[in-house]
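Engineer: Just to be clear, the model below is a prediction. Sequence and coordinates:
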Amino acid sequence: MDHTADLAVEMWAPTQEELLIVGARAIIEILTEGCPVTPDAVREIAIDGIDPEDRLVQWLNEIIYAAVTGGFLFAGGKLCLGDTTLVARIQGQSNALDVIRTELKSVTYHDLSLRREAGVWRAFVVIDV
């Protein structure tokens, strides 16, 4: 969904962990307009959300924050989920501010959805641009 101040992303995957990875990759794809990412660094992330939807928003905002403030572009990683928590060890490209082509402010709670349908996890998020 294109809008003058928003961008919506719909994503799906067989597990919540994979859904979060897909979402992070989508954020980086948007930020870099498809430029390749070469991992050269590792980061640890810990999130304690109110619910799985909040955890999704916090996770994607962490990916945006790492990119726009420090130039760390997510490339992959291992996630461990609790009911509402996330602990991750992620790989990415460091010092890559020059690769960012699109400005993203944050993932919002507007029209947020996270659900499991027919064995597939689906999410819909709106990003403020």
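Structural biologist: Alright, I've got the coordinates. What you see is a predicted model; the values in this text were computed from it and never measured. Numbers count the residues shown, from 1 in each chain.
Engineer: name the helices or strands packed onto the longest helix seen in the chain?
Structural biologist: When the chain is parsed with DSSP state H, its longest helix is helix 52-70. Other helices and strands packing on helix 52-70, by 3 or more CB pairs under 8 Å, 6 or more residues apart in numbering; DSSP states H and E, are helix 16-32, strand 41-48, strand 73-81, strand 85-93, strand 106-107, strand 113-117, strand 120-128. The way it works is simple: take the backbone N, C-alpha and C, and place the C-beta from them, glycine included.
Engineer: Need the residues that contact it.
Structural biologist: Residues from elsewhere that reach helix 52-70 (CB atoms under 8 Å, 6 or more residues apart in numbering): 16, 19-20, 23-24, 27-28, 31, 43, 45, 47, 49, 72-74, 81, 83-86, 88, 92, 94, 96-97, 100, 103-109, 112-114, 123, 125, 127.
Engineer: Is there a quick PyMOL command that grabs whichever of those residues are buried?
Structural biologist: PyMOL command restricting those to the buried ones, with burial defined by 16 or more other CB atoms under 10 Å:
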select buried, resi 16+19+20+23+24+27+28+31+43+45+47+49+72+73+74+81+86+88+92+94+96+100+104+107+114+123+125+127
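Engineer: how far away is residue 89 from residue 79?
Structural biologist: 8 Å (CB to CB, to the nearest Å).
Engineer: typo on my end, residue 58
Structural biologist: Taking CB to CB, one finds residue 58 at 13 Å from residue 79.
Engineer: Ok, residue 86 next?
Structural biologist: Relative to residue 79, residue 86 is positioned 6 Å away (CB to CB).
Engineer: for this protein, which spans come out with low pLDDT?
Structural biologist: 1-5 (pLDDT under 70).
Engineer: Tell me how many other residues surround residue 18.
Structural biologist: For residue 18, the number of neighbouring residues by other CB atoms under 10 Å comes to 14.
Engineer: mind listing what it touches?
Structural biologist: Contact analysis of residue 18 by CB under 8 Å, 6+ apart lists residue 121.
Engineer: just residue 21 next, same as before
Structural biologist: Contacts of residue 21 (CB under 8 Å, 6+ apart): 13, 76-77, 79.
Engineer: Now which of the residues you listed would you call buried?
Structural biologist: In the contacts of residue 21, the ones that pass as buried (16+ other CB under 10 Å) are 13, 77, 79.
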